[in-house]
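**Student:** Kindly return the folded structure for what I paste below:
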Amino acid sequence: MTGSLVCVSLAPSLDRYLRLPGLTVGAVNRPSTVVERAGGKGLNVARTAWALGVPVRSLVLAGGGTGERLRRLAGAQGLAVMWVDGGAETRQCSCLLDETTGELTEVYEPVSPVSASAWPRFADAAEDAFAALDRDDVVVVSGRVPAGMPADALAFVAGRARSAG
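**Tutor:** Okay, here's the model as predicted:
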C-alpha cells in the first residue's frame, strides 16, 4: 500500500480485557490482569494497520468520561485521531478470558444514541479529514451507526471519500 489508511468509527468503545484464573458464572471472579484499550472495530483496524507500518489516521465519534479515557488511551497507543464529540457516553466492552479453559466471553454495551448536534460536527470533521486524502489513500468505515445519526450517514461518508478521489 503506497497511501495511508483513514479509519472512520461512529461507535468506538473502551475495551477492557480481563484474564481470569477460572470463570465461574454466578460467583465472584477476580481477574489476574486487566488491560484497557481504545477499541471498537475502527480503532482496532487502525491499531493493527499502524502496527504493520501503514500510515493511519482516524475520525472517531466519542463522548463523556469514557470518551475522555478513550482519547488518552488512543494517544498513549500512538494512534492519530481526529475526535468529534458525540454528546453521549461512549460504551465499554469487556472480554473475559478464562485461563483454565481458554474460552473467551465478550460483553458489549449498547451504543448510546448521539446528540442532535453530533451529526453536523461529524460531517464537518469528515469534510476536513477527506480534504487531505490522496488518490492512493484508503478509507475504512467499520462498526455500527448510533441512533441519532441520519439514515444516510454511511452514504455521506462514502460520497465524500469518493469525491476526494
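
**Student:** okay, now V138: neighbour count?
**Tutor:** When neighbours are counted by other CB atoms under 10 Å, V138 registers 15. Every residue, glycine included, has its C-beta placed from N, CA and C.

**Student:** Point out where this structure drops to low pLDDT.
**Tutor:** Residue ranges of the chain with pLDDT under 70: 1.

**Student:** ok, 80 please
**Tutor:** 1-2, 165 (pLDDT under 80).

**Student:** so where do the strands sit in this structure?
**Tutor:** In the chain, the strands defined using DSSP state E lie at 5-9, 13-20, 33-39, 56-62, 81-85, 91-98, 104-108, 138-141.

**Student:** May I have the strands that pair with the second one, each with its orientation?
**Tutor:** The strands that strand 13-20 pairs with in its sheet are strand 33-39 (antiparallel), strand 91-98 (parallel) (by DSSP bridges).

**Student:** now the ones you listed in a markdown table, with mean neighbour count and distance to E106?
**Tutor:** Putting these into a markdown table (neighbours: other CB atoms under 10 Å; distance: least, CB to CB, whole Å) gives the following:
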| stretch | mean neighbour count | distance to E106 |
| --- | --- | --- |
| strand 33-39 | 17 | 11 |
| strand 91-98 | 18 | 5 |
